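Chemist: Give the three-dimensional model of this entry:
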Amino acid sequence: MSMTQLSEQIRHIPVARLQLSPLNVRQTNVDEGIEELASLILSQGVLQNLIVHEVVPTGTTKAKHQPCYAVVAGGRRWRALQQLVQGKYIKQAYGVPCRVISVEEAVHASLAENSGRRDIHIDDQFEAFRLMIDGGRSIEEVAAAFGVTPLVVQRRLRLANVAREFIELYRKDELTLDVLMALAVTDDHEAQRQAWQSLPEHNRSAHAVREVLTVQDVALSDPVAQFVGLAAYEAGGGVVRRDLFAEDDDATLLDASLVRSLANAKLQEHAERLKEEGLPWVDTCLEFEYSVQAAYRRVQHTYRDPTEDEQGRVVELEAELEALWDEDESHDAEDETETDEGSEQTQPVEERIDRAEAELEQIRQQRKVLDPQQQSRAGAVVYIGDDGTLQVERELLQPSDSANLQRATPTARTSKSASPNGHSASLVRRLSAQRTLALQATVAARPDIALIALTHRLALRIFYSEVSAGAVNISGSIIELTREAPELLGSKAQRTLEDRREQLSALLPSDEEALFTALSALPQAQLLDVLAYCVARCVSDLSSDEQLRPAALLSQATGLDMREWWTPTADGYLNFIPKECILDIVRGALSPEAAVPLKHLKKEPLAKAAADKLSGTGWLPSVLKASAC
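Modeler: The predicted structure is shown next:
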């Protein structure tokens, strides 16, 4: 439209014949600055025309009365003019420049003018979008008219479906836009109200509101939903709701029972395939969590009888080692200060000892096999991993098989010989003491896991005829771990536990007779903290057998990472393993080149030098590594 055509539509209409149109989209902050605007109009007149559409008073005809005009753009100027009329600064006949448009153009014009101003309220915008859609405009047309994407229009329209009382709270700045968007997750106004009323006033956050409204929903990002797949869910008749306010293209599956049914069916299909491979049993579960894992046991390892060649080589190596140890002791008895030549003569002896021990270890590893009796009954559990993929846990025993085999298997004896991984029984016990104290420090900070572990131990006694060895000593006795590993004195784990004890002691009375009353008065969170510490101090993961992990499930549940609690030192570890093993550790943790300068060192200086190199690498022996069992 040209400026000439536009000016021809401008009329001067008496202020008495002007009224505010219900189609005017601006409804928020309408009275701010009205007095200043009135003063400006009084001094300079109405500098910018109003936009109006014609209206006919109810019960009259256009022929009998002069028409009135409703202001769709310029509501603040109209309010300023009304103030001037009331103050008798201008008369009712005062002519106001107005551009007259059709009713169909009114909402479009009002929104177009107000959208160009920074302070237009979002509620005004989505109400205007709704009116235009109701008037027959498409989402794409509205978006194109105002230079926004269709998604913006859809989001504004979704906000228009929130119950009116929440819109009013938002207008008054008593409710944030994030909360409004959370309420818009559902179009059910009653559900919105119930969710709002169910939350305490201090916790009416967007997250809390959305959590209440979607408690029965399954997010597409949920591992079970990922495992099923959106296509399979929709093919099964499932309904999907997409969150217009999510940054990514996320969706919510509204039929949780259908999701679980499809997931279980898919897991069962995989289980049947495994049974066809010859497994005696295969269980399925959606999540292989701690409480489920606790019902199963892993197949233990044993050692087959050596072959004739292996036995012959073992006899040779043991005889060689006896001779080498005698030779090494004779060198140690000599005066080490005589000449350097004497120390050089001992180096070949140490190297031959290390080589012989390494070969013995290799033969032991070759003999390591799964217990045939247990393996014949072993099956698997099929479940969904945290990433939504199929997971299979093999070599497991069902609870009934585990109990029967435990009765039939004699108790393992403690041996002073080396374990299958080159660690003596005493060193394994020393390392497991380190593991136990670190686990205690970890459990002390996890009341949720401590409660599960305590209940697990009690349930084994109450609900099952066989009392399995649990990780928690329910009698409440504390094991003195420093007897097993003196280096634990002053360790990080011990300091952590002592600090925790001091904090909790402040909550408890000095008189033990007042303890029950004091515990009864504690808030539940603090009571659980006390429980966690007490349970933690009763945890035992001690073992002389590297294959046995009494508290493996507890370690897994707490996410115990021994790299945070232990580092290989000379006195605590390296002095107790063969020289060649130390060099292999350095090669693996650092590089082959890092071990070259250490090769010609005697055992003690080698252990100290290796400890310095390994500091900060996070290297762990197999005894301390995370285990799934």
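
Chemist: who's in contact with the closest residue to residue 379 other than its chain neighbours?
Modeler: Once flanking residues are discounted, residue 379 sits nearest to residue 281: 3.8 Å by Cβ to Cβ, 6 or more residues apart in numbering. Just so you know, the C-beta spots here come from the backbone N, C-alpha and C atoms, and that holds for glycine as well. Taking Cβ atoms under 8 Å, 6 or more residues apart in numbering, we find residue 281 in contact with 275, 379, 398.

Chemist: Can you say which of those residues are buried?
Modeler: 379, 398 (16 or more other Cβ atoms under 10 Å).

Chemist: Sort out which of the contacts of residue 281 are in helices and list them.
Modeler: Using DSSP state H, the subset of the contacts of residue 281 located in helices is residue 275.

Chemist: Looking at the contacts of residue 281, which is nearest residue 157?
Modeler: residue 275 (52.6 Å; Cβ to Cβ).

Chemist: in terms of contact, does that closest one touch residue 284 like I think?
Modeler: No: in this structure, residue 275 is not within contact of residue 284 by Cβ atoms under 8 Å, at 11.3 Å.

Chemist: Assess the claim that residue 371 and residue 299 are in contact.
Modeler: Yes: distance between residue 371 and residue 299: 6.0 Å, which falls inside the contact criterion (Cβ under 8 Å).

Chemist: who's more crowded, the two?
Modeler: residue 299 (22 against 16; other Cβ atoms under 10 Å).

Chemist: residues in contact with the more buried one?
Modeler: Counted by Cβ under 8 Å, 6+ apart, residue 299 has contacts 370, 371, 374, 375, 378, 395, 396, 397.

Chemist: what about residue 370, distance to residue 544?
Modeler: Distance of residue 370 to residue 544, given as Cβ to Cβ, to the nearest Å: 21 Å.

Chemist: Same drill for these two, tell me which one is more crowded.
Modeler: Between residue 370 and residue 544, counting by other Cβ under 10 Å, residue 544 is the more crowded of the two (20 against 15).

Chemist: Next, count neighbours for the residue lying closest to residue 586 once chain neighbours are set aside.
Modeler: Among residues not flanking residue 586 along the chain, residue 595 sits closest, at 4.3 Å (Cβ to Cβ, 6+ apart). Other residues within reach of residue 595, judged by other Cβ under 10 Å, total 20.

Chemist: May I have the residues that are in contact with residue 595?
Modeler: Per Cβ under 8 Å, 6+ apart, neighbours of residue 595: 583, 584, 586, 587.

Chemist: and the helix or strand hosting it, how far from the chain's centre?
Modeler: Under the criterion of DSSP states H and E, residue 595 resides in helix 592-595. How far helix 592-595 lies from its chain's middle: 39 Å, per Cα atoms, centre = their mean, to the nearest Å.

Chemist: And the next helix or strand past that helix?
Modeler: Following helix 592-595 toward the C-terminus (DSSP H and E): helix 603-614.

Chemist: For that next one, which helices and strands make contact with it?
Modeler: helix 579-589 (3 or more Cβ pairs under 8 Å, 6 or more residues apart in numbering; DSSP states H and E).

Chemist: Give the buried residues for the helix it packs on.
Modeler: Of all the residues in helix 579-589, those buried under the rule 16+ other Cβ under 10 Å are 579, 580, 581, 582, 583, 584, 585, 586, 589.

Chemist: report the angle between the axes of that helix and helix 603-614?
Modeler: 10 degrees (axes from the mean of the first three to the mean of the last three Cα atoms, to 10 degrees).

Chemist: tell me which strands and helices helix 579-589 is in contact with?
Modeler: So helix 579-589, by 3+ Cβ pairs under 8 Å, 6+ apart, packs with helix 340-366, helix 592-595, helix 603-614.

Chemist: Just list what the longest one packs against, helices and strands only.
Modeler: To tie it back to what came earlier, the one meant is helix 340-366. helix 308-333, helix 579-589.

Chemist: Figure out which of those helices is closest to residue 43.
Modeler: Per Cβ to Cβ, nearest to residue 43 of the helices and strands packed on helix 340-366: helix 579-589, 83.8 Å.

Chemist: And residue 554, how close does it get to residue 498?
Modeler: 21 Å.

Chemist: likewise residue 11?
Modeler: Residue 11 is 87 Å from residue 498, by Cβ to Cβ.

Chemist: Number of residues surrounding residue 606?
Modeler: 22.

Chemist: what's near enough to touch it?
Modeler: Here residue 606 is in contact with 574, 579, 582, 583, 598 (Cβ under 8 Å, 6+ apart).

Chemist: Residue 13 now?
Modeler: 52, 69, 95, 96, 98.

Chemist: Show the buried residues in those residues.
Modeler: 52, 69, 96, 98.

Chemist: so which of those residues comes closest to residue 161?
Modeler: For these, the nearest to residue 161 is residue 52 (30.7 Å; Cβ to Cβ).

Chemist: helix, strand or coil for that closest one?
Modeler: The local conformation at residue 52, judged by DSSP: H, G, I helix; E, B strand; the rest coil, is strand.

Chemist: Where do the strands of this protein begin and end?
Modeler: 10-14, 18-20, 50-55, 68-73, 95-101, 218-219, 240-242, 251-253, 282-284, 297-298, 301-303, 368-370, 379-384, 390-397 (DSSP state E).

Chemist: Output the contacting helices and strands for the last one.
Modeler: Right, strand 390-397. Looks like strand 390-397 contacts helix 256-276, strand 297-298, strand 379-384 (3+ Cβ pairs under 8 Å, 6+ apart).

Chemist: got a list of contacts for it?
Modeler: Here strand 390-397 makes contact (Cβ under 8 Å, 6+ apart) with 227, 267, 270, 274, 288, 296-299, 370, 374-375, 377-385, 405, 628.

Chemist: rerun that using 6 Å as the cut-off
Modeler: Here strand 390-397 makes contact (Cβ atoms under 6 Å, 6 or more residues apart in numbering) with 270, 296, 297, 298, 299, 378, 380, 381, 382, 383, 385.

Chemist: Buried residues of that strand, list them for me.
Modeler: Buried-residue list, strand 390-397, by 16+ other Cβ under 10 Å: 393, 395, 396, 397.

Chemist: what does stretch 292-312 give?
Modeler: Buried, per 16+ other Cβ under 10 Å, within stretch 292-312: 293, 294, 296, 297, 298, 299, 300, 302.

Chemist: Surely the first one and residue 553 touch.
Modeler: Yes: applying Cβ atoms under 6 Å as the test, residue 293 and residue 553 come out as touching, 5.4 Å apart.

Chemist: Contact partners for the residue positioned nearest the centre of the chain?
Modeler: What sits nearest the mean C-alpha location of the chain, by Cα atoms, centre = their mean, is residue 386, with 10.0 Å. With contact taken as Cβ under 6 Å, 6+ apart, residue 386 is in contact with residue 223.
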